[in-house]
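S.K.: Generate a structure from the sequence data that follows.
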Amino acid sequence: MSDRTYTRLTRLALFAVVDLAVILVGLALPGFAAWAFVALASLAIYIGIGPYQADLALNASLDDVERRRWRIALYLAPWSMALYWHRYVRR
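M.R.: Model prediction:
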């Protein structure tokens, strides 16, 4: 993995964790502001799914079943990018 790719995936994993915290804070806000805040934060995190999907496709340590599970996890809980980074990308 190149240094550029590693840096990008690390930045996206950090963004995923920060985004989760922002969403939790947004849920504490009253009324419509909370839903708007959560929607904007959730949309921003989906930008990072593409590079992680590419890394999943090239990860030789995963079999097809594990790849399928990680793909599902990334779409249903995009914050799992941080867990994937911790498990497979971290040096």
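S.K.: hey, let's count contacts and neighbours off CA atoms from now on
M.R.: Noted.
S.K.: Only the buried residues of the helix or strand containing residue 4, if you could.
M.R.: Using DSSP states H and E, residue 4 maps to helix 3-28. Using 16 or more other CA atoms under 10 Å as the test for burial, helix 3-28 gives 9-10, 12-17, 19-20, 23, 26-27.
S.K.: how about those residues in TSV, adding distance to residue 61?
M.R.: TSV is the format used below for the buried residues of helix 3-28 (distance: CA to CA, whole Å):
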residue	distance to residue 61
9	17
10	19
12	21
13	20
14	23
15	25
16	23
17	24
19	28
20	28
23	32
26	37
27	37
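S.K.: what ranges of the protein fall below the confidence cut-off?
M.R.: Applying pLDDT under 70 to the chain flags residues 44.
S.K.: let's go with 90 and repeat that
M.R.: Scanning the chain for pLDDT under 90 picks out 1-3, 5-6, 8-9, 11-52, 54, 58, 74-81, 89-91.
S.K.: quick one, what contacts the spatially most central residue of it?
M.R.: Ranked by distance to the mean C-alpha position of the chain (CA atoms, centre = their mean), the top residue is residue 81 at 3.2 Å. Contacts for residue 81 were tallied using CA atoms under 8 Å, 6 or more residues apart in numbering; they are 12, 13, 16, 49, 52, 74.
S.K.: distance of the last one from residue 81?
M.R.: If I follow you right, that is residue 74. Distance from residue 74 to residue 81, counting by CA to CA, to the nearest Å: 7 Å.
S.K.: shared neighbours of the two, anything?
M.R.: Residues touching both residue 74 and residue 81 (CA under 8 Å, 6+ apart): residue 49.
S.K.: elements contacting the helix or strand hosting residue 36?
M.R.: Here residue 36 sits within helix 32-45, counting by DSSP H and E. Contacts defined by 3 or more CA pairs under 8 Å, 6 or more residues apart in numbering; DSSP states H and E place helix 32-45 against helix 3-28.
S.K.: Which strands and helices lie in contact with the helix it packs on?
M.R.: When contacts are defined as 3+ CA pairs under 8 Å, 6+ apart, helix 3-28 packs onto helix 32-45, helix 80-84.
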